[in-house]
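K.L.:
Have a look; sequence and predicted model below, questions after that.
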Amino acid sequence: MKKYTHYISFDVAVIGAGHAGCEAALAAARSGRTTLLMTQDLDTIAQMPCNPSIGGVGKGQLVRELDALGGEMGRNTDTAMMNCHMLNTSRGPAVQSPRAQCDKKLYQFTFKHTLERQENLYIIQDEAARLLTENGKVSGLESIRGTVYRAKAVIVTAGTFLRGTIYIGLRTFSGGRYNQTPSNFLTQSLTELGITTRRLKTGTPMRLNRRSIDFSKCIEQKPDTPPAPFSHFTEKIDNPGVSCWITKTNTRTAEIIRSALDESPLYSGKIKSVGPRYCPSIEDKVVKFPHHQEHHLFLEPEGFRTEEYYVNGLSTSLPEYAQQEFLHTVEGLEKAEIVRPGYAIEYDFFDPRQLDYSLQSRKIPGLFLAGQVNGTTGYEEAAAQGFIAGINASRYILGQEPFILRRDEAYIGVMIDDLVSVGVDEPYRMFTSRAEYRLMLRRDNADLRLSGYGFGLGLLPQEKRGLFEYYKETVASLKENGTVSDSLAGKLPESGAWTLKNAEYTAGTEKEYGVYIKRNIAESERLKKFEAMKIPEDFDYAAVTGLSNEAHQKLSRVKPLSLAQAGRIPGITPSEVQLLWIMLERGKAGRKE
């Protein structure tokens, strides 16, 4: 039989259909590029393999920003919302963040349907095996079926699937998620092209059957009424609110966990990579914080039409029998039935310092990386990266300047700068504490900061632009005069994003914290000057007299694109930044002469 190779051509190819891949594919397709979205399993598009929640401290801001730019996560969350809370309401507006528990299947299939209806977007069930290049640039990919997909840009968003290994006690088996096959070929292909690869670890708790939980021994956590939408375009959330519940571990729980540590992959040496510091396993909590007699657990429903409950705070990779034993020491869970055991997973990721601010590889033009493959953890961090990669893949094809957000403009800018400048030694998670301009980057003003970009990029509905402009004028008038004309206020709706109530809250916040916001603005203006001082890629750091060996090594490895980025590299001192500035100014003077 005659052999043949099947070729299909696209502008952009996206590998992986998790939260990063979905946003990347939509952004590229909505930008007018013919886009391929490849997934190993169509039935797991936009799946929530861990906690079925969106938002949280810092993360909620990411989702609001993504929505203001034209992303899908906020709208999808509102559709699937079960329980919504505004976190940190007793603290200042800079750290208040929305978080919502979602019906995981409703979220997943709503997103899948959105993708299926999107013009310019083509979805295929297949597995990428090899990246293709021509003349040093991306030219497409080849699948395990031998099909060649030609593409001018490729975005890799493979999550935890790259050579994934699952651990339950001392038993291990391959998997991208439990009971799902890993991607075992793509890492080698990228490594052969010079992309540096490392390993990280994450994990998930067991799931329980609701009927086996004694809620009378738990504390009820009712949803906010009315719930606050994530999307600026959601007028009202009609879903019924569902309560979550709180309980806690005790000394007996800790005793059982300690007795089983010899069968823990974390403490027996089987797992060698680092996991997320801010979402540790229960084994880590017991070992590293022995002075804490108890740890809070949050029982969270996984859907309107399922009895499964997620045990937030009880991530574990201990053997199944130990999970059952220590679970039954917890109040309310004495007879709890495990329907899915907890497990840990190790996977490949790529050092994000190999990327520029557009999330494009510095070595291979046309290759973009987004999501957990860049060392992050969390759906929100992944989605935001995917969106930026999708926009910039489209702009790369057109020969346009990349779309880049600064640290003073968005949490998205903070995250990407952290990844590209500093890299990761553990899974990266967004917090408000990472943003030095967090008083400017609040969840309530994400639209004012970023919707102008969204309309300019063509990713927000143009018919909403006039309403947005009225809203901006209303906020400005309230800040300046404390009031707004009837004619202007009458043009704002009573529900949805741009209401008079929302304008009053934002204007009031900015007036109350005006002194501090002005300081932030002054600092951000100084930052812009440093960002504008570009460093040539071939800059000779050895020629800078006075740089320490450590600084020379770090600068040569990272190759910062600007003076501001150089100053954010750990270990680079202000005096060394000053030396770089002097050399760059001398270089500019020399070029002028």
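P.N.:
Arrived safely.
K.L.:
Report the contact partners of the residue nearest the centre of the chain.
P.N.:
Using CA atoms, centre = their mean, the residue of the chain that lies closest to the mean C-alpha position is residue 381, 0.8 Å off. Residues counted as contacts of residue 381 (CB atoms under 8 Å, 6 or more residues apart in numbering) are 59, 62, 371, 415, 428, 429, 430. Backbone N, C-alpha and C define where each C-beta goes, glycine included.
K.L.:
secondary structure class for it?
P.N.:
Secondary structure for residue 381, judged by DSSP: H, G, I helix; E, B strand; the rest coil, is helix.
K.L.:
ok, it to residue 298 distance?
P.N.:
21 Å (CB to CB, to the nearest Å).
K.L.:
Same check on residue 404?
P.N.:
As defined by CB to CB, residue 404 lies at a distance of 37 Å from residue 298.
K.L.:
Quickly find the element holding residue 444.
P.N.:
Of the helices and strands defined by DSSP states H and E, none includes residue 444.
K.L.:
Show the pLDDT at it.
P.N.:
As predicted, residue 444 sits at a pLDDT of 96.
K.L.:
Can you give me the neighbour number for it?
P.N.:
A count of neighbours around residue 444, defined by other CB atoms under 10 Å, yields 17.
K.L.:
burial of residue 96, as a residue count?
P.N.:
20.
K.L.:
now swap in the one 4 residues further on and tell me
P.N.:
By the criterion of other CB under 10 Å, residue 100 has 28 neighbours.
K.L.:
Kindly state the beta-bridge partners for it.
P.N.:
Beta-bridge partners of residue 100, counted by DSSP bridges, are residue 54, residue 84.
K.L.:
could you list every residue that touches it?
P.N.:
Residues in contact with residue 100, defined by CB under 8 Å, 6+ apart, are 53, 54, 55, 77, 81, 82, 83, 84, 85, 227, 230.
K.L.:
can you rerun that using 6 Å?
P.N.:
By CB atoms under 6 Å, 6 or more residues apart in numbering, the residues touching residue 100 are 54, 55, 77, 81, 84.
K.L.:
can I get those in CSV with pLDDT, neighbour count and distance to residue 25?
P.N.:
As requested, the contacts of residue 100 are exported to CSV (pLDDT from 0 to 100; neighbours: other CB atoms under 10 Å; distance: CB to CB, whole Å):
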residue, pLDDT, neighbour count, distance to residue 25
54, 98, 30, 19
55, 97, 28, 22
77, 98, 31, 18
81, 98, 27, 23
84, 95, 26, 27
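K.L.:
right, and out of those residues, which lies closest to residue 583?
P.N.:
Proximity to residue 583 was ranked across these by CB to CB; first place goes to residue 55, at 44.4 Å.
K.L.:
average pLDDT across stretch 368-377?
P.N.:
Per-region confidence: stretch 368-377 scores 97 on mean pLDDT.
K.L.:
need the strands for the stretch 301-450 of the chain, in chain order.
P.N.:
308-312, 338-340, 343-350, 367-369 (DSSP state E, counting those that start in this stretch).
K.L.:
packing partners for the first one?
P.N.:
Put plainly, it is strand 308-312. Identification of packing neighbours for strand 308-312 by 3 or more CB pairs under 6 Å, 6 or more residues apart in numbering; DSSP states H and E yields strand 296-301.
K.L.:
now do 7 Å
P.N.:
Under the contact criterion of 3 or more CB pairs under 7 Å, 6 or more residues apart in numbering; DSSP states H and E, the helices and strands touching strand 308-312 comprise strand 207-209, strand 296-301.
K.L.:
Now do the buried residues in the shortest one.
P.N.:
By neighbour count, and taking 16 or more other CB atoms under 10 Å as the criterion, the buried residues in strand 207-209 are 207, 208.
K.L.:
Sheet partners, orientation included, of that strand?
P.N.:
Paired neighbours of strand 207-209 in the sheet (DSSP bridges): strand 308-312 (antiparallel), strand 338-340 (antiparallel).
K.L.:
For residue 178, list the residues it contacts.
P.N.:
166, 343 (CB atoms under 7 Å, 6 or more residues apart in numbering).
K.L.:
sorry, that was for residue 141
P.N.:
Residues touching residue 141, when contacts are defined by CB under 7 Å, 6+ apart, comprise 13, 15, 128, 130, 131, 132, 149, 151, 154.
K.L.:
State the three-state secondary structure for the fourth one.
P.N.:
By that I understand residue 130. strand.
K.L.:
Could I get the contacting residues of it?
P.N.:
Contact analysis of residue 130 by CB under 7 Å, 6+ apart lists 141, 142, 185, 189.
K.L.:
Wasn't residue 116 part of a helix?
P.N.:
Yes: counting by three-state DSSP, one finds residue 116 located in a helix.
K.L.:
for it, what are its contacts?
P.N.:
Residues counted as contacts of residue 116 (CB under 7 Å, 6+ apart) are residue 123.
K.L.:
Is it possible to get JSON lines of the contacts of residue 141 that adds pLDDT and distance to residue 274?
P.N.:
Putting these into JSON lines (pLDDT from 0 to 100; distance: CB to CB, whole Å) gives the following:
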{"residue": "13", "pLDDT": "98", "distance to residue 274": "31"}
{"residue": "15", "pLDDT": "98", "distance to residue 274": "25"}
{"residue": "128", "pLDDT": "97", "distance to residue 274": "26"}
{"residue": "130", "pLDDT": "96", "distance to residue 274": "29"}
{"residue": "131", "pLDDT": "97", "distance to residue 274": "27"}
{"residue": "132", "pLDDT": "97", "distance to residue 274": "33"}
{"residue": "149", "pLDDT": "96", "distance to residue 274": "34"}
{"residue": "151", "pLDDT": "98", "distance to residue 274": "33"}
{"residue": "154", "pLDDT": "98", "distance to residue 274": "28"}
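K.L.:
neighbour-wise, which of these leads?
P.N.:
When neighbours are counted as other CB under 10 Å, the busiest of those turns out to be residue 13, with 31 neighbours.
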